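1. From the sequence below, what's the structure:
(one chain, ligands or ions: 2)
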Amino acid sequence: MQNTLLVLSGPSGSGKSTLCKFLQENIPEIYFSISTTTRAPREGEKNAQHYYFVSKEEFLTDIQENKFLEWAEVHGNYYGTSILPIQLALEAGKLVIFDVDVQGHREIKKYYGNLVRSIFITTIDKKTLKQRLETRGSDSEETIKSRLMHAYNEMKHINEFDYLIINDDIEHAKEAILCIAKSLAFITNPKNSEDLCAEWMGKIS
Ligand code: ADP
Ligand code: 5GP
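-> Ligands and ions are numbered 1, 2, ... in the order given. So this is what the prediction gives:
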């Protein structure tokens with residue numbers, strides 16, 4: 001796998017974490033960018049696995065110390081992507097995966113340019129999204145309302161993404177995301193083109 005980045009975005013509840021976990025279980029060369037957040041952990045979420053859960057004060061200190069590649073306030077909580085682990089994972093030739101909102105996607109693209117590929121993940125309609133958020137059972141009624149309102153603002157940016165997955169049947173969605181992730185091994189980029197060229201010349205001389 002080459003040093004490439006794959007961003008997953010889409011409304012909260014559309015299935016990003018589920019599909020991300022599936023990719024991690026099926027592609028060994030993946031590094032999942034663990035975001036830092038001030039949101040409280042949901043049942044079953046573990047620190048340093050799903051997120052780094054920190055206080056608002058700690059988050060603000062990290063901003064001041066320029067530790068984030070990007071950060072945003074989403075649904076009244078702070079979320080940020082740390083730069084250092086991403087750089088290390090890329091140097092190790094990993095495929096780095098992100099679960100961030102549409103603003104995060106824009107910032108990552110600004111920074112890493114054409115090494116970035118992106119997928120927008122959504123449900124077939126708003127009603128299904130509401131049902132999924134309710135079934136997940138981790139948010140209050142008020143938070144679900146806010147997430148549904150935010151969902152529409154995210155949907156307006158679908159055309160900024162390379163791929164779209166409508167996560168209706170989970171098996172189809174898993175197949176689609178695995179196909180996309182595997183295809184990234186064949187992307188050309190300045191680094192592998194130079195190496196390949198030098199190697200190719202060496203072999204014929
Ligand atoms: P996100 O990370 O985008 O917020 P999750 O992965 O947490 O979303 O999924 C939200 C809820 O929907 C979870 O309870 C998950 O198990 C469920 N879910 C995900 N995909 C599907 C699907 N295709 N059909 C039914 N339920 C799903
Ligand atoms: P949740 O609270 O459901 O885990 O995440 C809420 C939203 O924040 C989702 O859209 C998720 O993609 C986004 N998010 C998670 N981490 C980051 C991050 O580091 N940066 C940005 N910009 N968004 C994030």
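2. pLDDT score assigned to residue 136?
-> Model confidence at residue 136, given as pLDDT, is 90.
3. no wait, residue 180
-> pLDDT at residue 180 comes out at 97.
4. can you count the residues close to it?
-> 17 (other Cβ atoms under 10 Å). The way it works is simple: take the backbone N, C-alpha and C, and place the C-beta from them, glycine included.
5. The closest residue to it other than its chain neighbours bridge partners, please.
-> Leaving out its chain neighbours, the residue that sits closest to residue 180 by Cβ to Cβ, 6 or more residues apart in numbering is residue 163, at 5.6 Å. With DSSP bridges applied, residue 163 shows beta-bridge pairing to residue 119.
6. wait, isn't residue 163 in contact with residue 173?
-> No. Residue 163 is beyond contact range of residue 173, at 11.5 Å (criterion: Cβ atoms under 8 Å).
7. ok, now which ones touch the residue nearest to residue 180?
-> If a contact means Cβ atoms under 8 Å, 6 or more residues apart in numbering, then residue 163 has 117-120, 176, 180 as its contacts.
8. Ranking helices and strands of the chain by mean pLDDT, which lands last?
-> helix 190-204 (a mean of 77; mean pLDDT, DSSP states H and E).
9. What are the buried residues along that helix?
-> For helix 190-204, a neighbour-count test (16 or more other Cβ atoms under 10 Å) marks nothing as buried.
10. mind exporting that helix as CSV, just the C-alpha atoms?
-> C-alpha atoms of helix 190-204 as CSV (Å, rounded to 0.1, in the frame of the first residue of the first chain):
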residue,chain,number,x,y,z
PRO,A,190,5.1,11.8,-7.2
LYS,A,191,7.0,9.6,-4.7
ASN,A,192,6.2,6.2,-6.2
SER,A,193,6.6,7.5,-9.7
GLU,A,194,10.2,8.7,-9.0
ASP,A,195,11.1,5.5,-7.2
LEU,A,196,9.6,3.3,-9.9
CYS,A,197,11.4,5.3,-12.7
ALA,A,198,14.8,5.0,-10.9
GLU,A,199,14.3,1.3,-10.3
TRP,A,200,13.2,0.7,-13.9
MET,A,201,16.3,2.5,-15.3
GLY,A,202,18.5,0.4,-12.9
LYS,A,203,17.0,-2.8,-14.1
ILE,A,204,17.8,-2.2,-17.8
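11. Perfect, I'm done here.
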